[in-house]
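Undergrad: Structural data only, the sequence is not supplied:
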């Protein structure tokens, strides 16, 4: 009985380890240089002389000043809405997307939208680096809002 328990514990440990390793090796579709710091975007929005990026809210609400509300892009209808919005833009347009519902590893909206922009061959798109959520990383800092 003791040997069986030990074997089961070992098998369980191996399975859990394999799951954790597979989760850690899954790469995000964005590169580090495709993350836009909130302070930098706020400064750009506040600079009336700066060329403004096109900002899309791909989550629950468009809080950021000038952002266009698409809705949760985990839903196909909203992902299609984003596709319709961006297809008329030049491929080198500076595009910033954000959700802000939760940290990236839990967000169901950012990956579909980011992958869509890549598939559509845009060359200057970024993800707003909201490490926690829109409240902590944008609203609480007093950054520009709609």
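TA: Perfect, thanks for sending it. Note that the structure is predicted; figures quoted are calculated from it, not measured. Residues are numbered from 1 along each chain as shown.
Undergrad: Neighbours of the residue lying closest to residue 129 once chain neighbours are set aside, how many?
TA: Closest residue in space to residue 129, ignoring its immediate chain neighbours: residue 35 at 4.1 Å, by CB to CB, 6 or more residues apart in numbering. The C-beta positions use only the backbone N, C-alpha and C, and glycine is treated the same way. For residue 35, the neighbour count with other CB atoms under 10 Å is 15.
Undergrad: got the contact list for residue 35?
TA: Residue 35 makes contact with 126, 127, 128, 129, according to CB atoms under 8 Å, 6 or more residues apart in numbering.
Undergrad: for it, phi and psi?
TA: phi -100, psi 130 (degrees, to the nearest 10).
Undergrad: what does the one 3 residues further on give?
TA: In this entry, residue 38 is assigned phi and psi values of phi -50, psi -40 (degrees, to the nearest 10).
Undergrad: Next, the contact list for the closest residue to residue 87 other than its chain neighbours, please.
TA: In space, and not counting its chain neighbours, residue 87 is closest to residue 120: 7.0 Å by CB to CB, 6+ apart. Shown in contact with residue 120 (CB under 8 Å, 6+ apart): 83, 86, 87, 91.
Undergrad: how far away is the first one from residue 145?
TA: Using CB to CB, to the nearest Å, residue 83 is found at 26 Å from residue 145.
Undergrad: surely residue 82 meets residue 113?
TA: Yes - assessed by CB atoms under 8 Å, residue 82 is found in contact with residue 113 at 5.8 Å.
Undergrad: From the contacts of residue 35, which land in strands?
TA: Here DSSP state E is the test, and these give 126, 127, 128 as lying in strands.
Undergrad: now the residue nearest to residue 129: how far from residue 78?
TA: Taking CB to CB, one finds residue 35 at 22 Å from residue 78.
Undergrad: same deal with residue 39?
TA: Distance from residue 39 to residue 78, by CB to CB: 28 Å.
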